[in-house]
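Trainee: Give me coordinates for this.
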Amino acid sequence: MNPSSTPTVLIVNPDLLSSSRLESALKSLGWSVITARTQDEALARLHHLTPTLVLINFNIEGLQPLVITERAKSLHPSIKVLGFVSHTRLSEMRPKAQIAGCDKLVANSALQERLPQILAGLFPKRAALKNAK
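Mentor: Residues are numbered from 1 along each chain as shown. Purely as a prediction, here's the structure:
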């Protein structure tokens, strides 16, 4: 990713309320946002776009977040995948997510409370450039 370009995130989340909150927060941080509500939508978008980040709701089993993660990484090895899941399932899902290629899996509450810090950890060059301005 060119640190000075506008980064793009693909949010994969069937929950409209949490998607709209995430979209608003990401846009306020300077991100361009694309959304997908289903696995098929997400995979279609990944075939036509190269987002900087894929943000996936791991709470929805029918969404098959591990399949989306694996496909995202196979199509675009350099993109980052950030997943979020209920804190009660975090320890169960973390090893599976890592095997699938997820760069970071966080609890829902951490994503809501610390999104800027999480993104800075995933994209340190972008954070450093932003802090230098």
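Trainee: quick one, longest helix in the protein?
Mentor: helix 108-122 (DSSP state H).
Trainee: For that one, give the mean pLDDT please.
Mentor: What helix 108-122 shows for mean pLDDT is 95.
Trainee: outside of it, which residues touch it?
Mentor: Helix 108-122 has contacts (CB atoms under 8 Å, 6 or more residues apart in numbering) with 18, 21-22, 25-26, 29, 53, 59, 80, 82, 84-87, 103-104, 106, 126-127. The C-beta positions use only the backbone N, C-alpha and C, and glycine is treated the same way.
Trainee: What separation do you get for residue 67 and residue 56?
Mentor: For residue 67, the distance to residue 56 equals 10 Å [CB to CB, to the nearest Å].
Trainee: now swap in residue 116 and tell me
Mentor: From residue 116 to residue 56 the distance is 19 Å (CB to CB).
Trainee: next one: residue 25
Mentor: Using CB to CB, one gets 16 Å for the distance from residue 25 to residue 56.
Trainee: So between these two, which is more surrounded?
Mentor: Higher neighbour count among residue 25 and residue 56: residue 56, with 29 against 16, using other CB atoms under 10 Å.
Trainee: what lines up beside the host helix or strand of that one in the sheet?
Mentor: Using DSSP states H and E, residue 56 sits in strand 53-57. Paired strands of strand 53-57, with direction, are strand 8-12 (parallel), strand 80-85 (parallel) (DSSP bridges).
Trainee: Go through these and name the closest to residue 63.
Mentor: Of all the strands paired with strand 53-57, strand 8-12 sits nearest to residue 63, with 6.9 Å by CB to CB.
Trainee: ok, then the element right after the closest one?
Mentor: Taking DSSP H and E, what comes next after strand 8-12 is helix 16-28.
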